[in-house]
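Engineer: Okay, sequence plus prediction incoming.
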Amino acid sequence: MQQDVINEFKGNVEKALAALKNDFSKVRTGRANLAILDGIRVEYYGTPTPLSQVASMAVADPRLITIKPWEKSLCTEIEKSIKKSDLGLNPVSDGELVRVPIPSLTEERRKDLTKVIKRYGEEAKVAIRNSRRDAKEMLETMAKDGEISEDDRDRALKDLQAHTDGGVAKVDEIFGKKEKELMEV
């Protein structure tokens, strides 16, 4: 029984880490990465549609993303949508292809982005700690109701804490890598 609680907690830690990696992939680092365009929606026949559903995208070189819409008439819409986003990108269209050059990051912008990723890291840690709290409450309730012994509860709580520490350490490791990548000139 207590193993089910711990396994559920491990799953929650993995979800928090996956969400953190997803959030980090959307933060641009001065290199072309298609993930930064994930949130872009293009007006397509009156409906906001994800960019990936109306065009093919590719990383042409480390500082350039190319977008080839399936309908040439969408070039201007794609260009407008990218300019409206808060990504700080300036796309250029030639009627068939939209080129999105990725500018170098300034020192000030790098520091701002470091604050953003730090916030994402803290949110992941809070999610892990909230999951630990919920699992601990379940274990306490199980012990109180006599479903598990006090010794089993204590062992499970130690296991829970070890997994929590491991999850928080993994968040710090992922944050450190992303921060190093951001501050790289």
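Structural biologist: Noted; the coordinates are in hand.
Engineer: any chance you could map the strands in the protein?
Structural biologist: Ranges of strands in the chain, per DSSP state E, are 41-44, 47-50, 55-61, 64-69, 92-93, 98-101.
Engineer: Dump those strands to JSON lines, plus mean neighbour count.
Structural biologist: Using the backbone N, CA and C atoms, a C-beta is placed for each residue, glycine as well. Shown next, in JSON lines, are the strands of the chain (neighbours: other CB atoms under 10 Å):
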{"stretch": "strand 41-44", "mean neighbour count": "18"}
{"stretch": "strand 47-50", "mean neighbour count": "12"}
{"stretch": "strand 55-61", "mean neighbour count": "14"}
{"stretch": "strand 64-69", "mean neighbour count": "19"}
{"stretch": "strand 92-93", "mean neighbour count": "15"}
{"stretch": "strand 98-101", "mean neighbour count": "19"}
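Engineer: could I get the ones you listed as CSV with distance to Ala32?
Structural biologist: Output for the strands of the chain, formatted as CSV (distance: least, CB to CB, whole Å):
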stretch, distance to Ala32
strand 41-44, 19
strand 47-50, 19
strand 55-61, 4
strand 64-69, 5
strand 92-93, 14
strand 98-101, 8
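Engineer: Nearest approach to Glu150 belongs to which of those?
Structural biologist: Among the strands of the chain, the nearest to Glu150 by CB to CB is strand 47-50 (52.3 Å).
Engineer: for the closest one, packing partners?
Structural biologist: strand 41-44 (3 or more CB pairs under 8 Å, 6 or more residues apart in numbering; DSSP states H and E).
Engineer: Read off the pLDDT value for the closest residue to Ser56 other than its chain neighbours.
Structural biologist: Leaving aside its sequence neighbours, Ser56 sits nearest to Lys68 (CB to CB, 6 or more residues apart in numbering; 5.1 Å). With respect to pLDDT, Lys68 scores 93.
Engineer: Quick check: which of the strands of the chain is nearest to Lys158?
Structural biologist: Using CB to CB, the strands of the chain put strand 47-50 closest to Lys158, at 44.9 Å.
Engineer: Parallel or antiparallel, list what pairs with that closest one.
Structural biologist: Strand 47-50 has its sheet partners listed here by DSSP bridges as strand 41-44 (antiparallel).
Engineer: Please verify my assumption that the residue nearest to Ser56 contacts Ala55.
Structural biologist: Yes - between Lys68 and Ala55 there is a contact under CB atoms under 8 Å: 5.9 Å.
Engineer: where do the contact lists of these two overlap?
Structural biologist: Common contact partners of Lys68 and Ala55 (CB atoms under 8 Å, 6 or more residues apart in numbering): Val98.
Engineer: Pick out the residue closest to the middle of the protein.
Structural biologist: Taking CA atoms, centre = their mean, the centroid of the chain lies closest to Asp23, which sits 1.7 Å from it.
Engineer: show me what contacts the spatially closest residue to it that is not a sequence neighbour?
Structural biologist: Distances taken as CB to CB, 6+ apart place Tyr120 nearest to Asp23, at 4.5 Å, with adjacent residues excluded. Listed by CB under 8 Å, 6+ apart, the contact partners of Tyr120 are Leu20, Asp23, Phe24, Val27.
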